[in-house]
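[1] heads up, no residue letters with this:
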């Protein structure tokens with residue numbers, strides 16, 4: 001007969017074996033689930049259709065890699081394969097969103113270059129210290145002086161500088177004051193309209209000056225800047241100008257696409273109509289092709305993922321706006337980025353013809369354009385971030 005000690009040992013041995021069996025069983029289950037997940041994702045990757053475009057990220061996804069001995073040995077096939085798999089992994093939007101909210105919860109807000117702020121604001125982090133602001137402003141100043149042009153320079157401050165109260169407690173420093181000082185020092189003969197005070201005041205009064213999901217300013221902010229230019233430049237206009245607004249919903253901008261905070265609600269985009277617009281003609285030139293339209297707002301874009309091109313059809317090399325009701329023989333050349341798209345419509349009441357030039361796409365000498373078209377006034381309009389990072393200004397001539 002086994003004694004009491006032996007019985008206890010047998011019981012403990014049985015318990016240990018059962019415990020070991022449970023651990024081993026649990027490990028088998030976890031391994032099985034992992035293998036099933038990987039296998040299932042592989043099947044889904046090959047079975048599910050490959051979308052060419054991501055609506056949330058507003059970009060085209062990578063194409064299937066092209067195999068050849070050249071691409072194999074130079075490493076591009078491996079790189080392209082990795083991009084293709086990453087872009088088309090099943091449930092990609094879900095994983096990207098989860099990762100963004102995980103970074104937010106773990107104290108890494110702004111890791112992707114977009115801060116999750118208060119009141120639903122998604123704000124781009126500030127431009128790097130090493131940037132092209134001084135260089136680009138000098139290029140503009142030299143161009144204006146060389147061609148003896150009457151120019152106004154307008155630079156839109158960054159969202160993070162104006163809406164500082166919306167930023168998280170921990171964030172990088174916005175150096176708009178320093179950069180605007182550099183602009184002032186290097187503006188040459190250009191009349192520089194500093195919008196910082198105006199926009200800070202309007203923001204403190206509760207006005208929304210920037211979209212919450214996009215880096216652009218709102219039409220209201222553009223209107224404030226227009227009034228500042230109108231007063232300062234003593235612009236001519238026909239009496240009785242009034243505006244009506246059309247509010248369009250469902251807008252998501254570029255910061256939404258970059259930040260991947262998919263739970264952020266959409267917002268409105270406002271279209272401001274002037275009763276002074278009559279016989280409006282908009283001509284858009286790309287390469288050797290020019291198309292003409294009788295509208296400033298291209299509302300078909302409101303049905304697309306990217307709605308901002310509702311203003312003057314977005315970015316083009318040359319865009320000309322004519323208003324038959326504006327003071328006669330008044331012409332303006334605008335050298336610009338996309339911040340001008342909701343700003344220029346206001347100027348259509350003051351200039352019978354406005355020619356917008358985008359240096360990212362227009363590769364001919366702008367000096368010839370100014371000389372041949374006999375423009376009396378020039379407006380250079382950029383967002384601060386774009387002015388700091390633009391590399392096409394270097395080719396201005």
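    All right, it came through fine. Just so you know, these numbers come straight off a predicted model, no measurement behind them.
[2] can we go C-alpha only for contacts and neighbour counts from here?
    Will do.
[3] Break down the stretch 1-150 of the chain into its helices, ranges please.
    Under the criterion DSSP state H, counting those that start in this stretch, the stretch 1-150 of the chain contains helices at 4-47, 69-73, 76-88, 92-105, 133-146.
[4] how far away is residue 226 from residue 248?
    For residue 226, the distance to residue 248 equals 22 Å [CA to CA, to the nearest Å].
[5] of those two, who's got more company?
    Using other CA atoms under 10 Å, the more surrounded residue of residue 226 and residue 248 is residue 226, with 17 against 14.
[6] what pLDDT does the more buried one get?
    On pLDDT, residue 226 comes in at 97.
[7] I figured it hits residue 349, correct?
    No: using CA atoms under 8 Å, residue 226 makes no contact with residue 349, being 11.0 Å away.
[8] Which positions within the helix or strand harbouring residue 223 qualify as buried?
    Under the criterion of DSSP states H and E, residue 223 resides in helix 219-233. Residues of helix 219-233 classed as buried by neighbour count (16 or more other CA atoms under 10 Å): 219, 220, 221, 222, 223, 224, 225, 226, 228, 229, 230.
[9] would you turn those into a markdown table with distance to residue 354?
    Output for the buried residues of helix 219-233, formatted as a markdown table (distance: CA to CA, whole Å):
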| residue | distance to residue 354 |
| --- | --- |
| 219 | 19 |
| 220 | 21 |
| 221 | 20 |
| 222 | 17 |
| 223 | 17 |
| 224 | 20 |
| 225 | 17 |
| 226 | 15 |
| 228 | 19 |
| 229 | 15 |
| 230 | 15 |
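[10] now, which of these sits nearest residue 328?
    residue 230 (17.1 Å; CA to CA).
[11] where does that closest one land on pLDDT?
    Value listed for residue 230 in the pLDDT field: 94.
[12] now do residue 73
    Reported pLDDT at residue 73 in the predicted model: 69.
[13] Also residue 55?
    As predicted, residue 55 sits at a pLDDT of 65.
[14] How about residue 47?
    pLDDT recorded at residue 47 is 63.
[15] do the same with residue 24
    For residue 24, the pLDDT comes out at 57.
[16] swap in residue 4?
    pLDDT for residue 4: 54.
[17] ok, residues contacting the helix or strand immediately after the helix holding residue 223 in the chain?
    Once helix 219-233 ends, the next helix or strand along the chain (criterion: DSSP H and E) is strand 243-251. Strand 243-251 is contacted from outside by 266-275, 302, 306-307, using CA atoms under 8 Å, 6 or more residues apart in numbering.
[18] And stretch 205-225, by the same measure?
    For stretch 205-225, the external contacting residues (CA under 8 Å, 6+ apart) are 120-124, 159, 195, 198-199, 202-203, 252-256, 266-267, 269-272, 339, 342-343, 346.
[19] quick one: least confident helix or strand in the protein?
    The weakest-scoring helix or strand in the chain, judged by mean pLDDT, DSSP states H and E, is helix 4-47 (a mean of 60).
[20] Looks to me like residue 273 is in a strand.
    Yes: membership of residue 273 in a strand is supported by DSSP: H, G, I helix; E, B strand; the rest coil.
[21] before we move on, the earlier item: in ChimeraX, how would I select the buried members of the contacts of stretch 205-225?
    To isolate the buried members of the contacts of stretch 205-225 in ChimeraX, using 16+ other CA under 10 Å:
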select :120,121,122,123,124,159,195,199,203,252,253,254,255,256,266,267,269,271,272,339,342,343,346
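[22] Now, the contacts of stretch 205-225 that are in strands?
    Using DSSP state E, the subset of the contacts of stretch 205-225 located in strands is 122, 123, 124, 267, 269, 270, 271, 272.
[23] And the furthest pair within those residues?
    Taking CA to CA as the measure, the ones in strands among the contacts of stretch 205-225 span a maximum distance of 26.1 Å, between 124 and 272.
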